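Generate coordinates for the sequence data below:
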Amino acid sequence: MARNSTFRRFKKKLKQFNPYQSYTGLFLGAIVVVVLGFLVASFLTRNSSPMGEIGDGIKTSVENQTLEPKREYKVKEGDSLSVIAKRTYGDPAMWNVLAVKNAIIYPDLIYTDTTLEVPPKTEADVIIKDLSATSYQVQEGDTLFIIAQKVYADGWKWPVLAKANNVGYLSNGNPLIFAGATLTIPR
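Numbering: from 1, shown residues only. From the prediction side, this is the model:
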């Protein structure tokens, strides 16, 4: 019985409701339309800058841009990272650039028919500079393995970093480092 009377009250209220008298709904609908209009207008004006202009009208020239295309290398039988570096950069000592760029954990182990990304010379020079750094600022989420991969192109050299920086260890044997700390990188 109580259920039946509740239903009757709801049905009576529903008949009394007139959506055209609800100013709140009308007001909220108007706000949504205005906000969508601003978003569309902003999108259209931001993407309609003339060719050769960036953002706030900064002029650019296609002739002055030296963007090197993304290059790839397909590993052949008998290749090593140093052989590939000799072919692509003319310097076998740049093998570590290929290891870092392609996140190769074991530099002595690459597989035939694997496609490697070969960074442009300018990017390779930045990677070499990072690899020759004598200190490293620990970032959030870094481990000694990750840092060793970045600075030596070989993650398994993490014990060298641990020893050089007198790193403490947790009770489970994992090394303890903190974000923001500066580590010395022995060369």
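
now Gly145, nearest residue through space, not along the chain?
Heads up, residue 145 is Phe, not Gly. Nearest residue to Phe145, sequence neighbours excluded (CB to CB, 6 or more residues apart in numbering): Gly155, at 4.4 Å. Yep, even glycine has a C-beta here, placed from its N, CA and C like the rest.

Where is the longest helix in the protein?
The longest helix of the chain (DSSP state H) is helix 23-46.

Any idea how far it is from the middle of the chain?
In terms of CA atoms, centre = their mean, to the nearest Å, the centre of helix 23-46 is set 33 Å apart from its chain centre.

what's the answer for stretch 103-115, then?
Averaged C-alpha coordinates place stretch 103-115 at 22 Å from its chain's average position (CA atoms, centre = their mean).

got it, and stretch 135-142?
Averaging C-alpha positions (CA atoms, centre = their mean) puts stretch 135-142 16 Å from its chain's average.

Which positions within that stretch qualify as buried?
Within stretch 135-142, the residues that count as buried by 16 or more other CB atoms under 10 Å are 136, 138, 142.

So the second one is in contact with Ala179, correct?
The reference is to Val138. Yes: if you go by CB atoms under 8 Å, Val138 and Ala179 touch, sitting 5.4 Å apart.

got the buried residues for stretch 96-111?
For stretch 96-111, the neighbour count (16+ other CB under 10 Å) marks 96-102, 104, 107, 110 as buried.

and Glu77, how many neighbours?
By the criterion of other CB atoms under 10 Å, Glu77 has 6 neighbours.

and if you look at Leu144?
22.

Tell me who's in contact with the closest residue in space to it that isn't next to it in sequence.
Spatially, and ignoring its direct neighbours in sequence, Leu144 is nearest to Trp158 (3.8 Å; CB to CB, 6+ apart). Residues counted as contacts of Trp158 (CB atoms under 8 Å, 6 or more residues apart in numbering) are 143-145, 147-148, 175.

what about the helix or strand where Trp158 lies, average pLDDT?
Using DSSP states H and E, Trp158 falls within helix 158-164. Computed over helix 158-164, the mean pLDDT rounds to 92.

following that helix, which helix or strand comes up?
Downstream of helix 158-164, the first helix or strand assigned by DSSP H and E is strand 168-169.

Against which helices or strands is that following strand packed?
Counting contacts by 3 or more CB pairs under 8 Å, 6 or more residues apart in numbering; DSSP states H and E, strand 168-169 packs against strand 175-176.
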